[in-house]
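K.L.:
heads up, no residue letters with this:
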């Protein structure tokens with residue numbers, strides 16, 4: 001899987017037609033696309049004024065479409081999830097559970113690389129948003145459950161091994177390798193694969 005950013009969304013074009021509903025939806029899409037663009041560019045908490053400027057709409061228009069910035073971020077979160085879920089739900093090839101775990105390293109790290117700014121933004125703002133706090137919990141649960149689904153019963157019964165595998169394949173681990181240890185994508189992925197391989201080598205098939 002390519003390691004390119006998952007969400008490289010252009011600002012939404014004007015929709016054809018003169019209807020008020022079409023114009024309203026076009027403005028709404030431009031506002032959401034502007035938030036995505038700003039976060040992807042490194043502004044983890046863009047102001048309504050910056051969003052409006054980039055979207056090419058008035059500041060009042062932002063709050064005509066969204067009650068507040070928290071409501072806007074809810075829609076942004078939903079759009080990111082809609083992009084990621086099909087990738088997470090793709091079947092994992094492999095004849096054994098160990099082979100399947102090894103094969104998801106590239107997939108998961110590519111996803112993590114693509115959603116990195118959005119995860120940081122959501123984490124940054126979740127302390128001021130009940131919705132984002134709950135979404136953060138759901139994301140962690142989903143991240144864990146997609147690993148657990150690949151593990152056989154005898155490994156799931158081994159709490160230490162299960163937790164070790166989930167930590168190695170977690171977003172937090174990827175963030176630490178890429179942005180705290182400043183490793184390249186290739187080097188960070190090699191570290192993940194090595195750590196996972198070391199754990200698997202100690203476990204029964």
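P.N.:
Here it is on my side, so go on. Just so you know, these numbers come straight off a predicted model, no measurement behind them. Numbers count the residues shown, from 1 in each chain.
K.L.:
distance of residue 70 from residue 183?
P.N.:
Residue 70 is 34 Å from residue 183, where distance means CB to CB, to the nearest Å. The C-beta positions use only the backbone N, C-alpha and C, and glycine is treated the same way.
K.L.:
And for residue 106?
P.N.:
Per CB to CB, residue 106 is found 15 Å from residue 183.
K.L.:
for residue 164, same thing?
P.N.:
20 Å.
K.L.:
In contact with residue 90, which residues?
P.N.:
Contact partners of residue 90, counting by CB atoms under 8 Å, 6 or more residues apart in numbering, are residue 107.
K.L.:
what about it, which SS state?
P.N.:
On the three-state scheme (DSSP: H, G, I helix; E, B strand; the rest coil), residue 90 is labelled coil.
K.L.:
Verify the stated contact: residue 171 with residue 119.
P.N.:
Yes: using CB atoms under 8 Å, residue 171 makes contact with residue 119 at a distance of 6.0 Å.
K.L.:
Identify the contacts common to these two.
P.N.:
Counting by CB under 8 Å, 6+ apart, the residues touching both residue 171 and residue 119 are residue 112.
K.L.:
Can you tell me the element the most centrally placed residue in the chain falls in?
P.N.:
The centre of the chain sits closest to residue 115, judged by CA atoms, centre = their mean, with a distance of 3.6 Å. If you go by DSSP states H and E, residue 115 is part of helix 97-125.
K.L.:
Now that helix: buried residues?
P.N.:
97-98, 100-102, 104-105, 108-123, 125 (16 or more other CB atoms under 10 Å).
K.L.:
now swap in stretch 86-99 and tell me
P.N.:
So, applying 16+ other CB under 10 Å, buried residues of stretch 86-99: 97, 98.
K.L.:
Tell me the span between the first and last residue of that stretch.
P.N.:
21 Å (CA to CA, to the nearest Å).
K.L.:
swap in stretch 86-96?
P.N.:
23 Å.
K.L.:
Could you list the low-confidence segments of the chain?
P.N.:
1-20, 22 (pLDDT under 70).
K.L.:
Helices of that one, start to end?
P.N.:
20-40, 48-55, 59-65, 69-88, 97-125, 130-148, 153-156, 159-168, 171-175, 185-200 (DSSP state H).
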